[in-house]
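Asks: just the structure for this:
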Amino acid sequence: MNYIGIDIGSTCAKTVVLNEKKELILEFVQPTGWSSVDTAEEIRQKLEFAGINLSNESSHCVATGYGRISVPYADKTVTEITCHAKGAHYLNPNVRTVIDIGGQDIKAISIDENGAVKNFLMNDKCAAGTGRFLEMMARTLGLSLEEMSTKGLEWKENIVISSMCTVFAESEVVSLVAQNKDVADIIHGLNVSVASKVGALAARLGKKNPGEYMMTGGVAKNPGIIKALEEKLDAKLYICDEAQLCGALGAALFAYEKCSV
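Replies: Numbering: from 1, shown residues only. Purely as a prediction, here's the structure:
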């Protein structure tokens, strides 16, 4: 049996396949593009090319994420909140708070010792502090996301980005560049502004939830954001190699449980 989890986010689509021993045997990430339906079809083709047949009883598929309703071959859909909690618990049972910075939203999820969701909060309908925000700032500075993720670590001047609105923050960055401010200092200011927004969201969950913090999503690859957020939370963030796959992994685990009952 193959247990497939598909997480179609606003920016990237993640796919995970587990075998009967809950071992990860296949994973891939791709841009979502403008059509979740087309992305789902591309995923189906990739799975079949890998020898995974979705049309027989040897496979079970659960879809999650922004575009989960666009996966016609999924046997079930589950919310990304629940899947991130399930995936995080599988990766580290000591985790009690999951912070997911996605392409267009931020989630702070409180989970119990079994990986069930106790409470969660999401940012308002604003791109501030999300992956999209970071992409726009990198473009404004003429950098790749990879370059931006490390340049802010060696800062000297503590620059404050006062606006969390993406449009106004971009204007601030343009103004700072015109003032010949060091790029590393500007990026550090952006990292702190993101950490402040995310940290405030996590703090609203309350501190009566002892256990580790875990960060998921593509932004978990950004050491500058991680460092700034750890300072804001005054806690260590657990980061694993599968951070971006956490939602898809949770979906695959739900597929496993459904077939194992």
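Asks: how about the helices in the stretch 101-250 of the chain?
Replies: 131-141, 145-151, 166-178, 183-203, 223-233, 246-260 (DSSP state H, counting those that start in this stretch).
Asks: so for the second one, mean pLDDT?
Replies: It refers to helix 145-151. For helix 145-151, mean pLDDT is 89.
Asks: name the residues that touch it?
Replies: Helix 145-151 is contacted from outside by 134-135, 137-138, 141, 143, 183-184, 187, 221-225, using C-beta atoms under 8 Å, 6 or more residues apart in numbering. Placement of C-beta: from N, CA and C, glycine included.
Asks: next, the buried residues of that helix.
Replies: For helix 145-151, the neighbour count (16 or more other C-beta atoms under 10 Å) marks Leu145, Met148, Ser149, Lys151 as buried.
Asks: please apply the same query to the last one.
Replies: Taking 16+ other C-beta under 10 Å as the neighbour-count basis, helix 246-260 is seen to contain the buried residues Cys246, Gly247, Ala248, Leu249, Gly250, Ala251, Ala252, Leu253, Phe254, Ala255, Tyr256.
Asks: equivalent analysis for stretch 178-196, please.
Replies: Buried residues in stretch 178-196, counting neighbours by 16+ other C-beta under 10 Å, are found at 183-196.
Asks: with just CA atoms, put it into CSV.
Replies: Written as CSV, here are the backbone C-alpha positions of stretch 178-196 (Å, rounded to 0.1, in the frame of the first residue of the first chain):
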residue,chain,number,x,y,z
ALA,A,178,18.4,55.6,-1.2
GLN,A,179,19.9,56.6,2.1
ASN,A,180,22.8,54.1,1.4
LYS,A,181,21.9,52.0,4.4
ASP,A,182,23.7,48.6,4.4
VAL,A,183,21.7,45.8,2.9
ALA,A,184,22.5,43.5,5.8
ASP,A,185,21.0,46.0,8.2
ILE,A,186,17.9,46.5,6.1
ILE,A,187,17.4,42.7,5.9
HIS,A,188,17.8,42.4,9.7
GLY,A,189,15.2,45.0,10.2
LEU,A,190,12.8,43.1,7.9
ASN,A,191,13.6,39.8,9.8
VAL,A,192,12.7,41.5,13.1
SER,A,193,9.5,42.9,11.7
VAL,A,194,8.4,39.4,10.5
ALA,A,195,9.5,37.9,13.9
SER,A,196,7.5,40.5,15.8
